[in-house]
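Trainee: Quick one, fold the following:
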Amino acid sequence: MKKSIILFLLGIIVLPINSSAQDSGIGLGIILGEPTGVSFKSWVGRRQAFDVAVAWSFEGEGAIHIHADYLFHNFRLFLIEKGDLVLYYGIGARVKTLNKTQVGVRIPLGLSYLFERDPIEIFFELGPIMNVTPKTLFRMTTGVGVRYYFD
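Mentor: Numbering: from 1, shown residues only. The predicted structure follows:
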């Protein structure tokens, strides 16, 4: 089982192929769902980016959710006429303040659309989380959002 998971993860890391789509700049926007807040993305290469969100969680009153992910993008999986429909995935961490602070490992998976002529990205994301403190527990976040990119 562990060998299959490792081979799968290696496969999705190697799969992406370079593209001429949005591969630079800093994006700032919003994410709506669980959690809802501010989303920040910074490209660090043609296929990689850092993604950070600071958001409010609906689980518990006043819970704050912060995540930081390292993302990989596959620009060639969905070929469309205008813009780019991109599959992305990655690994990161999440901290959530609730009754007790929760810390977990996050493995985001999403689709984003990068407009051909406008510096705008819209996205949908699933974020499975395995909390490691205060106890081991599986959670899922989902969200839709939009970002504007500054050069």
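Trainee: Scan this protein for its longest strand.
Mentor: strand 63-78 (DSSP state E).
Trainee: Contacts only, for Ile26.
Mentor: Contact analysis of Ile26 by CB atoms under 8 Å, 6 or more residues apart in numbering lists Phe40, Lys41, Ser42, Trp43, Tyr149, Phe150. Yep, even glycine has a C-beta here, placed from its N, CA and C like the rest.
Trainee: Give the buried residues for stretch 128-141.
Mentor: Using 16 or more other CB atoms under 10 Å as the test for burial, stretch 128-141 gives Ile129, Asn131, Arg139, Thr141.
Trainee: Which pLDDT value goes with the residue nearest to Thr141 when sequence neighbours are not counted?
Mentor: Residue nearest to Thr141 in three dimensions, not counting chain neighbours: Gly127, with 3.9 Å by CB to CB, 6 or more residues apart in numbering. Gly127 is assigned a predicted lDDT (pLDDT) of 97.
Trainee: And Gly127, its phi and psi?
Mentor: As for Gly127, its main-chain torsions (degrees, to the nearest 10) stand at phi -130, psi 80.
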